[in-house]
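A.B. asks: no sequence on this one, just coordinates:
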């Protein structure tokens, strides 16, 4: 599976045309034609990033990425407030610290891959390594976190509703968690093992089979999904490779002018790889759906852009593996994301000043959210040091939770009602990227931040033990 980047710039003239377009963008900026400049720069950045991620050792495309970003800075009409800049600097310093920690490899895997490996021994080694690294740097991480949370800290109004829904749903979620742990034959689990309580046939899926299953699922759900995905794949929207010199991540992004999304995954191996493929291709489908709207190269707001991919993940798990896997995904994803965002929210609200106070809030939240089902000793879990959502801008993390809650509710509606809801989903995906969560509510005729306590898919229960296979490997 390879991108067809030649459709953007023919290979023979790529360098020359890229330089010419860069000069055109600079000319637009000089002339004050910022909208034209932004669209052209969006395309240049996307193309340069695509080239860079195919070979992260390529200094040329890294340099060209920086060139585009420098031009984009000139478009800013009003200088950023000093406090905003301090927050950005703190986030950047934390990112550099994390990048240094994550250089090591375990059994040929990156630290991230090792920490989510289906093999418990590899996960344990990765956890121990990360804990040691975080412990050595926790004071510095705490200083940066206080800087971020005490400066400008906006609260997204949708988050306050989503937050209340999560708090109301915690007793139900803890009940589900307790039943999952009990069914696995354990009494308590390490929190990073939640996704691995039961064996999954999906762990044997390779990239070819994962793509086959994704195409089949999309076509079964709705003809628009199946036809759009086929179009995107034929036109070379997907790149996958496990080569060490390529970007070890996954993403999807819309491309200006051509209206064709680019989807990338470093690895499509096992259950997480299959879900990653499904997730990024769902993003691509969304970007293609609104291609005729204004500024189609823009990304929707975080509270909206993640709804469809996360919804499709949940629906797929319910169809592929049953209700147990569906609930496991909700618990392993939603609870962890809520922990990270609420952690930062409370640091701000309580005006925390010390490392000890930070650790206390983290420990209290783990106990509140996960209850008695975790192997947990206060003061020893330092995962907040390396958590990406902890360090993002406040509103980004909050909107991510809004997207999670919305995906949970939308998946329940799809599993309950099927095609009528999916027809509305197709129409909603075609909304302009500027539309917010309220516009999605009205289009779907669903309260996306409504109650999370309505059950779904009771035909398979956690106590169907013939569906469960304990795994310690």
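C.D. replies: Yep, that arrived. If you're wondering where the values come from, they're calculated on a predicted model, not measured in any experiment.
A.B. asks: In this protein, where is pLDDT below threshold?
C.D. replies: For the chain, the stretches with pLDDT under 70 are 76-84, 152, 454-473.
A.B. asks: Can you show me the strands along it?
C.D. replies: Secondary structure of the chain (DSSP state E): strands located at 105-106, 109-110, 238-240, 250-253, 262-265.
A.B. asks: Point out the most buried one among those strands.
C.D. replies: The highest average neighbour count among the strands of the chain, using mean count of other Cβ atoms under 10 Å, belongs to strand 262-265 at a mean of 26. Placement of C-beta: from N, CA and C, glycine included.
A.B. asks: just the helices in the stretch 301-450 of the chain please.
C.D. replies: Along the stretch 301-450 of the chain, counting by DSSP state H, counting those that start in this stretch, helices occupy 302-305, 307-321, 323-330, 336-349, 355-370, 388-391, 394-417, 419-429, 437-444.
A.B. asks: Tell me which of those helices lies nearest to residue 96.
C.D. replies: Shortest distance between residue 96 and the helices of the stretch 301-450 of the chain, using Cβ to Cβ, is found for helix 388-391: 11.4 Å.
A.B. asks: Reformat the strands of the chain as JSON lines; add distance to residue 142.
C.D. replies: What follows is these, written out as JSON lines (distance: least, Cβ to Cβ, whole Å):
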{"stretch": "strand 105-106", "distance to residue 142": "27"}
{"stretch": "strand 109-110", "distance to residue 142": "26"}
{"stretch": "strand 238-240", "distance to residue 142": "38"}
{"stretch": "strand 250-253", "distance to residue 142": "30"}
{"stretch": "strand 262-265", "distance to residue 142": "34"}
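A.B. asks: do you know which of those lies nearest residue 171?
C.D. replies: Comparing the strands of the chain by Cβ to Cβ, strand 250-253 comes nearest, at 33.9 Å.
A.B. asks: about what we covered before: among the strands of the chain, which is nearest residue 443?
C.D. replies: strand 250-253 (21.7 Å).
A.B. asks: Parallel or antiparallel, which strands does the closest one pair with?
C.D. replies: Pairing partners of strand 250-253, with direction, according to DSSP bridges: strand 262-265 (antiparallel).
A.B. asks: List the contacts of the strand it pairs with.
C.D. replies: With contacts defined as Cβ atoms under 8 Å, 6 or more residues apart in numbering, strand 262-265 is touched by 3, 46, 50, 53, 232, 237-240, 247, 249-253, 255, 273, 276-277, 280-281, 283-284.
A.B. asks: any chance you could map the helices in the stretch 51-200 of the chain?
C.D. replies: Along the stretch 51-200 of the chain, the segments classed as helices by DSSP H, counting those that start in this stretch run 59-73, 82-101, 111-115, 120-150, 157-183.
A.B. asks: Counting by contacts, list what the last one packs against.
C.D. replies: So the one you mean is helix 157-183. When contacts are defined as 3 or more Cβ pairs under 8 Å, 6 or more residues apart in numbering; DSSP states H and E, helix 157-183 packs onto helix 323-330, helix 336-349, helix 355-370, helix 394-417.
A.B. asks: got TSV for the ones you listed, with distance to residue 159 too?
C.D. replies: Listed next are the helices and strands packed on helix 157-183 as TSV, based on distance: least, Cβ to Cβ, whole Å:
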stretch	distance to residue 159
helix 323-330	19
helix 336-349	8
helix 355-370	16
helix 394-417	4
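A.B. asks: for the ones you listed, which one sits closest to residue 188?
C.D. replies: Ranking the helices and strands packed on helix 157-183 by proximity to residue 188 (Cβ to Cβ) places helix 355-370 first, at 10.0 Å.
A.B. asks: Can you name every helix or strand that that closest one contacts?
C.D. replies: Applying 3+ Cβ pairs under 8 Å, 6+ apart, one finds that helix 355-370 contacts helix 120-150, helix 157-183, helix 336-349.
A.B. asks: Dump the ones you listed to JSON lines, plus distance to residue 189 and mean neighbour count.
C.D. replies: Shown next, in JSON lines, are the helices and strands packed on helix 355-370 (distance: least, Cβ to Cβ, whole Å; neighbours: other Cβ atoms under 10 Å):
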{"stretch": "helix 120-150", "distance to residue 189": "11", "mean neighbour count": "17"}
{"stretch": "helix 157-183", "distance to residue 189": "6", "mean neighbour count": "17"}
{"stretch": "helix 336-349", "distance to residue 189": "13", "mean neighbour count": "21"}
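A.B. asks: Now tabulate these in TSV and tack on distance to residue 37.
C.D. replies: Output for the helices and strands packed on helix 355-370, formatted as TSV (distance: least, Cβ to Cβ, whole Å):
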stretch	distance to residue 37
helix 120-150	31
helix 157-183	31
helix 336-349	34
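A.B. asks: coming back round to it: closest to residue 175 out of the helices of the stretch 301-450 of the chain?
C.D. replies: Closest approach to residue 175 among the helices of the stretch 301-450 of the chain (Cβ to Cβ): helix 323-330, 10.4 Å.
A.B. asks: tell me which residues in the closest one are buried?
C.D. replies: 323, 324, 325, 326, 327, 328, 329, 330 (16 or more other Cβ atoms under 10 Å).
A.B. asks: now it against helix 157-183, angle please.
C.D. replies: Relative orientation of helix 323-330 with respect to helix 157-183: 130 degrees, computed using axes from the mean of the first three to the mean of the last three Cα atoms, to 10 degrees.
A.B. asks: Helix 323-330 to helix 394-417, inter-axis angle?
C.D. replies: Computed by the same axes, to 10 degrees, the angle separating helix 323-330 from helix 394-417 equals 170 degrees.
A.B. asks: Please name whichever of the strands of the chain is nearest to residue 215.
C.D. replies: strand 238-240 (11.3 Å).
A.B. asks: which residues touch that closest one?
C.D. replies: Applying Cβ under 8 Å, 6+ apart, the contact partners of strand 238-240 are 1-3, 50, 54, 207, 232, 262-268, 277, 281, 284.
A.B. asks: Over to stretch 133-147?
C.D. replies: The set of residues external to stretch 133-147 that reach it, using Cβ under 8 Å, 6+ apart, is 86-87, 90-91, 93-94, 97, 101, 344, 347, 352-355, 358, 382-386, 390-391.
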